[in-house]
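>>> coordinates only, sequence not included:
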């Protein structure tokens, strides 16, 4: 079973490496959208410092949403997904493999980029550490919730936009706790945000693979 | 693919009819078939609609004419006779909708999924009414149309969950596939309902705590409570009537190629 998981992740990473432009587009999107905020709301350092956590988190959410439709679409189009579902391995494992690959190609690369962007928003060093920690805890939840949306919207009309409507409301707690952890850092009780994000991640890891696997079965039915 | 799914569900219905059940179980199974439920829904909805009308008039009479003016909020508080029942219904209908959708997913019964799709617009409407009346109440009382309070935000998310359910259902052409996919998203979204309900306890923000609870004595005058309960019953009646009318339309639309609908059209 572990072998199946590792092979699946390795295959997806290899595919991502062959199409490096896709991964880089997500990162470029992140940087560009974050850059738009100082242009839009003005460049006063105090203002930027106050909104930094929220901006970096919302943009991370959008960047991870941008690449979600790719999670199953190519495999669905060429029939690989049906073969994978026919295999004796549990479909939840298939979902977990896909989620892991998605996180490694979009969530994880955001961490160093977010740290650099945080410097541009005048965040202190300790807050930068918390930002990376909160993104490391939060982006896997985004990938897990996104897998549910991606599986359910396979082969539907207007899949991409619909995906946003389905997934973003469910991601709201991650955003609230993630941005809260960074902006409230240093105040008493701010660690609770990180604990809640961990709890959310565990709950998502328990339920989302099941829901996404059901979605995949419905899609190939 | 479509034909195969249709054939299987027809077979499932046939099996259900053939099961030798105890009296009550048999009755339940009989009305699980859209064909049997269609006339039942047609007979029931006028009663619920009439009850909604009568109770609504009584509730509004109590709320606007009998109930006294509030000492702190003046007459602005009277919006709660619509706001609170609408907010209750918005959460309750979501749970019922998810339960029907889940039943349809597990038992593969067509009528359950049709009930879920019929409930969604009514639930979304009540969510919108709760948000809108809340804004009308917030302006004179809090001094703002909208605050980013935990309860308001989670209620807004509930509206998005309803819209997502309907949009996903609408985006898939095969109705059986649409039912199942929408059922999964409805079940995933259920986590939001307890968050809304307990938000005023978990986060001590601007929205006040629950006015009515099962365990404690209500924190309001008895007549105000009565007005609210009567309005809630009226909304119940409206929700049931609207859902039954809508499910009848859905049944006709989905079963339009079946023999009994053709007979109905000929008659």
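Sure, I can see it. Values in this document were obtained by computation on a predicted structure and should not be read as measured data.

>>> interface residues of the stretch 151-267 of chain B facing chain A?
B:153, B:157, B:160-161, B:163-164, B:167-168, B:171-173, B:177, B:180-181, B:184-185, B:187-189, B:192, B:195 (C-beta under 8 Å from any C-beta of the partner chain). C-betas here are computed from N, CA, C, even on glycine.

>>> contacting residues for residue 179?
I'll assume chain A. A:53-54, A:57-58 (C-beta atoms under 8 Å, 6 or more residues apart in numbering or on different chains).

>>> chain B is the one I meant
B:101, B:104-105, B:110, B:113-114, B:116-117, B:169.

>>> please tell me how far it sits from residue B:114.
8 Å (C-beta to C-beta, to the nearest Å).

>>> just give the number of residues close to residue 100.
No chain specified, so I'll use chain A. 20 (other C-beta atoms under 10 Å in any protein chain shown).

>>> that's the other chain; I wanted chain B
For residue B:100, using other C-beta under 10 Å, the count is 23.

>>> rewinding a little: so which of the contacts of residue B:179 comes closest to chain A?
Within these, the smallest distance to chain A is 7.7 Å, found for residue B:105 (C-beta to the nearest C-beta).

>>> excluding chain neighbours, what is closest to that closest one?
residue B:183 (4.1 Å; C-beta to C-beta, 6 or more residues apart in numbering or on different chains).

>>> so who does that neighbour touch?
B:98, B:101-102, B:104-105, B:113, B:116.

>>> among those residues, which one lies nearest to residue A:71?
Comparing those against residue A:71 with C-beta to C-beta places residue B:105 closest, at 22.2 Å.

>>> what's the helix or strand for that closest one?
helix B:80-107 (DSSP states H and E).

>>> same check, this time on residue B:51
helix B:34-61.

>>> and that helix, what does it pack against?
helix B:23-31, helix B:110-141, helix B:222-254 (3 or more C-beta pairs under 8 Å, 6 or more residues apart in numbering or on different chains; DSSP states H and E).

>>> now the angle from the last one to helix B:110-141?
What it means is helix B:222-254. Using axes from the mean of the first three to the mean of the last three C-alpha atoms, to 10 degrees, one finds that helix B:222-254 and helix B:110-141 are set 140 degrees apart in direction.

>>> give the residue farthest from the middle of chain A.
residue A:44 (29.8 Å; C-alpha atoms, centre = their mean).

>>> residue contacts, that one?
Neighbours of residue A:44 in contact, by C-beta under 8 Å, 6+ apart: none.

>>> repeat that for residue A:74.
So residue A:74 contacts A:15, A:80 (C-beta under 8 Å, 6+ apart).

>>> phi, psi for residue A:90 please.
With angles defined as degrees, to the nearest 10, residue A:90 sits at phi -60, psi 140.

>>> now residue B:74
Here residue B:74 shows phi and psi, under degrees, to the nearest 10, equal to phi 70, psi -150.

>>> got it, and residue B:166?
Torsion angles, degrees, to the nearest 10, at residue B:166: phi -70, psi -40.

>>> tell me how many other residues crowd it.
By other C-beta under 10 Å, the residues close to residue B:166 number 17.

>>> how many other residues sit next to the nearest residue to it once chain neighbours are set aside?
Computed as C-beta to C-beta, 6+ apart, the closest residue to residue B:166 that is not its neighbour in sequence is residue B:120, at 5.2 Å. Neighbour count of residue B:120, defined by other C-beta under 10 Å: 25.

>>> can I assume residue B:120 is in contact with residue B:100?
No - Residue B:120 lies out of contact with residue B:100 (C-beta atoms under 8 Å); the separation is 10.0 Å.

>>> just want the most central residue of chain B.
Taking C-alpha atoms, centre = their mean, the centroid of chain B lies closest to residue B:93, which sits 2.9 Å from it.

>>> so which strand or helix has residue B:145?
Residue B:145 belongs to no helix or strand, assigned by DSSP H and E.

>>> correct me, but the residue nearest to the centre of chain B touches residue B:126?
Yes - Residue B:93 is within contact range of residue B:126, at 6.4 Å (criterion: C-beta under 8 Å).

>>> hey, what's in contact with both of those two?
With C-beta under 8 Å, 6+ apart, residue B:93 and residue B:126 have common neighbours residue B:239.

>>> so who does residue B:128 touch?
Here residue B:128 is in contact with residue B:159 (criterion: C-beta under 8 Å, 6+ apart).

>>> quick one: it and residue B:87, what's the gap?
The gap separating residue B:128 from residue B:87 is 11 Å, by C-beta to C-beta.

>>> also residue B:112?
Distance, residue B:112 to residue B:87, using C-beta to C-beta: 26 Å.

>>> the two - which one has more neighbours?
Applying other C-beta under 10 Å to residue B:112 and residue B:87 shows that residue B:87 carries more neighbours, namely 23 against 20.

>>> for the more buried one, which non-adjacent residue is spatially closest?
residue B:130 (4.0 Å).

>>> do residue B:240 as well
residue B:48 (4.4 Å).

>>> what's the answer for residue A:220, then?
Closest to residue A:220 by C-beta to C-beta, 6+ apart is residue A:82, at 5.0 Å.

>>> what about that neighbour, how many residues nearby?
Neighbours of residue A:82 using other C-beta under 10 Å come to 13.

>>> can you show me the helices along chain A?
Taking DSSP state H, the helices of chain A run over residues A:2-18, A:20-41, A:45-66, A:70-77, A:80-86, A:91-102, A:108-120, A:125-152, A:159-183, A:191-220.

>>> quick one: contacts for residue B:123?
Taking C-beta under 8 Å, 6+ apart, one finds B:89-90, B:93-94, B:97, B:162 in contact with residue B:123.

>>> can you pick the most crowded of these?
Counting by other C-beta under 10 Å, top hit in the contacts of residue B:123: residue B:97 with 28 neighbours.

>>> and it, how far from residue B:153?
21 Å.

>>> list phi and psi for the nearest residue to residue A:221 once chain neighbours are set aside.
Setting aside the residues directly before and after it, residue A:221 is nearest to residue B:177 in space (C-beta to C-beta, 6+ apart), at 6.5 Å. Dihedral pair for residue B:177: phi -70, psi -40, per degrees, to the nearest 10.

>>> now swap in residue B:148 and tell me
Dihedral angles for residue B:148 - degrees, to the nearest 10 - are phi -90, psi 60.

>>> repeat that for the one 4 residues further on.
Backbone torsions of residue B:152, given as degrees, to the nearest 10, read phi -60, psi -40.

>>> is it in contact with residue B:134, as I believe?
Yes - counting by C-beta under 8 Å, residue B:134 is a contact partner of residue B:152 at 6.8 Å.

>>> between these two, which one's more packed in?
residue B:134 (25 against 21).

>>> what's the closest non-adjacent residue to the more buried one?
residue B:83 (5.8 Å).

>>> same question for residue B:196.
Among residues not flanking residue B:196 along the chain, residue B:154 sits closest, at 4.3 Å (C-beta to C-beta, 6+ apart).

>>> before we move on, what about residue A:127?
Once chain neighbours are set aside, the closest to residue A:127 by C-beta to C-beta, 6+ apart is residue A:185, at 5.3 Å.

>>> all set, thanks.
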